[in-house]
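>>> Need coordinates for the below:
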Amino acid sequence: MERPELLLPAGNLEKLKIGLMYGGDAFYLGFSPFSLRAKKGGFTKDTLLEGVKLIRDAGKTLYMTENIYPRGEKIDSFKKHIAFVRKEVKPDALIVADPGLFEMIKEYYPEAVLHMSVQANVLNYRSVQFWKNQGASRIILPRELTLKDIKEIHANVPDIELEFFVHGAICMAYSGRCLLSNYMTGRDSNQGACSHSCRWKYKVHDEEGVKKREEELEAKKFYLEEEKRPGEFMPVEEDEHGTYFMNAKDNCLLPYLKDLCEAGICSFKVEGRNKTEYYLSTVAKTYKQAIEDMIAGKDFDKKLLEEVYKTANRGFIPGYLFGFPGDNDIYYESNAPVQTHKFVGFIKDRKPGGLYKVAIRNKLLKGEEVEVMTPDEKFTQNVDEIFDLEGSELDAVHGGAGDKMLKLKEGLPIGSMLRIKC
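Below you'll find the predicted structure:
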């Protein structure tokens, strides 16, 4: 069995460094406004080029996302962008969804290797064959495919690379085909600005107010009221299947990597360019270990699942791998994530005597036990000394308070993660 690629998200330069540290083989990243991540805090031109150098120096692989569906006013600027990418970035492949951009890249960057984005919704082997005929070398298959579907595609088009999302959030619609965000907030998911309206907390009101339960089930008009928008009522229709507002549980295919390899997948992709350094490091380290165990012929270690449950999640399901999700695959309880551990911070710098500058992300009390995770080890210890950057001792630190100094075991690498039990 050939070793599959572990493909990690790189939302910015710092996250790229973490991904390199924790074992990624390849990285996908974007440069707004042509990537489906329009939030601030991503790559600038300078940090992008610095990141490219880091990837090249590490001997890793770089894929650049160009997977928006642009409106006409962006076409001319896309030409300039492609010229920049061709001259200065030289990625190993470009990830594309829009047929017009696909054609433009072939015209203005003819030597580019092209991968079809999950946003293209390539759901069957005829579509895979079509894009192969157009010049695509890899298809990023939609999460909505079953294992049987994947096997069928590989059997019919065996000479094209297949990539698949193995971990992360699941969209309530076919990837990129949802209009909720646009309707409710004016933020377009196909322009990289999804507001994740499907995750919000809603109340349902009937037309007249409080009614008896049997009256509520009659044919009446119902309205949604979002938690942070009191008094704003949005009409919603309901049929025998319920309403169409979903908070899907998260995708985790950790126990099924061997099945995916045997089905024809060559690249295991992790979702989450906007997620934390802690999420990235934990998921990367866990999947790297699972891949190494698989290649060594070992059985899946169920203890690895405990590691991913330490990250923020909505509960895990195996996506669509064994069929379409049902009632038990929706997280009804809350729009807030669940997890067994809370991210406290990560080490940014080391000082003599076991002192470390830590980027604090959540509350930590003096004397509290933390679990420290590095690329090579994991252990617990009590944090008995906390200082501000001027050297004054503190009894507690809080998320958003900036960098603080913590006394920990000596010799820890920059990028080590700290977490506490919830």
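>>> Tell me where the protein has helices.
Using DSSP state H, the helices of the chain run over residues 13-21, 45-57, 75-84, 99-108, 125-134, 147-156, 180-185, 213-216, 257-263, 277-295, 303-308.
>>> who's in contact with the nearest residue to residue 321 once chain neighbours are set aside?
Distances taken as CB to CB, 6 or more residues apart in numbering place residue 147 nearest to residue 321, at 5.0 Å, with adjacent residues excluded. Backbone N, C-alpha and C define where each C-beta goes, glycine included. By CB atoms under 8 Å, 6 or more residues apart in numbering, the residues touching residue 147 are 256, 259, 260, 263, 321, 322.
>>> Now with 7 Å, please.
Applying CB atoms under 7 Å, 6 or more residues apart in numbering, we find residue 147 in contact with 259, 263, 321, 322.
>>> close enough to count as contact, the second one and residue 152?
No - when contacts are counted by CB atoms under 7 Å, residue 263 is not listed as touching residue 152 (9.3 Å).
>>> These two: who's more crowded?
Neighbours were counted for residue 263 and for residue 152 using other CB atoms under 10 Å; residue 263 has more, 22 against 16.
>>> any idea which residue sits dead centre in the chain?
The centroid of the chain falls nearest to residue 272 when counting by CA atoms, centre = their mean (1.6 Å).
>>> Let's see the pLDDT reported for that one.
Per-residue confidence (pLDDT) for residue 272: 90.
>>> picking up where we left off before, out of the helices of the chain, nearest to residue 387?
If you check each of the helices of the chain against residue 387 by CB to CB, helix 277-295 wins as the nearest, at 22.2 Å.
>>> what's next to the closest one, contact-wise?
Helix 277-295 is contacted from outside by 1, 3-4, 6, 8-9, 14-15, 18-19, 22-24, 166-167, 254, 257-258, 268, 270, 272, 300-301, 304, 307-308, 310-312, 343, 346, 373, 375, 417, 419, using CB under 7 Å, 6+ apart.
>>> what do you get if the cut-off is 6 Å, keeping everything else the same?
3, 6, 8, 15, 18-19, 22-24, 167, 254, 257-258, 270, 272, 304, 307-308, 311, 343, 346, 417 (CB atoms under 6 Å, 6 or more residues apart in numbering).
>>> Now do it against helix 13-21, angle only.
20 degrees (axes from the mean of the first three to the mean of the last three CA atoms, to 10 degrees).
>>> Run through who's touching the longest strand seen in the chain.
The strand that spans the most residues within the chain, counting by DSSP state E, is strand 341-351. The contact list for strand 341-351, computed with CB under 6 Å, 6+ apart, reads 277-278, 310, 356-362, 364, 414, 416-422.
>>> Give me the buried stretch members for that strand, please.
For strand 341-351, a neighbour-count test (16 or more other CB atoms under 10 Å) marks 341, 342, 343, 344, 345, 346, 347, 350 as buried.
>>> Next: stretch 264-274.
Neighbour-count burial for stretch 264-274, counted by 16+ other CB under 10 Å, picks out 264, 265, 266, 267, 268, 269, 270, 271, 272, 273.
>>> now, the most widely separated pair of these?
264 and 273 (25.6 Å).
>>> count of neighbours near residue 47?
For residue 47, using other CB under 10 Å, the count is 15.
>>> wait, residue 404
By other CB under 10 Å, the residues close to residue 404 number 20.
>>> Please report how far it lies from residue 143.
39 Å (CB to CB, to the nearest Å).
>>> do residue 168 as well
For residue 168, the distance to residue 143 - CB to CB - is 9 Å.
>>> and for the two, which residues touch both?
Shared contacts of residue 168 and residue 143, defined by CB under 6 Å, 6+ apart, are absent.
>>> Make sure residue 373 is actually in contact with residue 415.
No - the pair residue 373 and residue 415 fails to qualify as a contact (CB atoms under 6 Å) at a distance of 9.9 Å.
>>> and those two? which has more neighbours close in?
Remark: of residue 373 and residue 415, residue 373 carries more neighbours, 23 against 19, as counted by other CB under 10 Å.
>>> Quick one, grab the pLDDT at the more buried one.
Turning to residue 373, the model gives it a pLDDT of 98.
>>> and it, how far is that from residue 58?
In this view, residue 373 and residue 58 are 21 Å apart by CB to CB.
>>> just how off-centre is stretch 159-173 within its chain?
Put simply, stretch 159-173 sits 11 Å off its chain's centre (CA atoms, centre = their mean, to the nearest Å).
>>> about what we covered before: kindly format the C-alpha coordinates of the longest strand of the chain as CSV.
Presented in CSV, the C-alpha positions along strand 341-351 are these (Å, rounded to 0.1, in the frame of the first residue of the first chain):
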residue,chain,number,x,y,z
HIS,A,341,-10.3,19.5,26.8
LYS,A,342,-10.0,23.2,26.4
PHE,A,343,-7.2,25.0,24.5
VAL,A,344,-5.2,27.1,26.9
GLY,A,345,-2.4,28.4,24.6
PHE,A,346,0.7,27.6,22.7
ILE,A,347,4.4,28.3,23.2
LYS,A,348,5.7,31.2,21.1
ASP,A,349,9.2,31.6,22.6
ARG,A,350,11.5,30.0,25.1
LYS,A,351,13.6,31.7,27.8
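>>> before we move on, the earlier item: for the residue nearest to the centre of the chain, what are its contacts?
9, 168, 279.
>>> of those, closest to residue 67?
residue 9 (13.1 Å).
>>> hey, what's the nearest residue to residue 346 once chain neighbours are set aside bridged with?
Closest residue to residue 346 apart from its sequence neighbours, by CB to CB, 6+ apart: residue 417 at 5.1 Å. Counting by DSSP bridges, residue 417 forms beta bridges with residue 346, residue 373.
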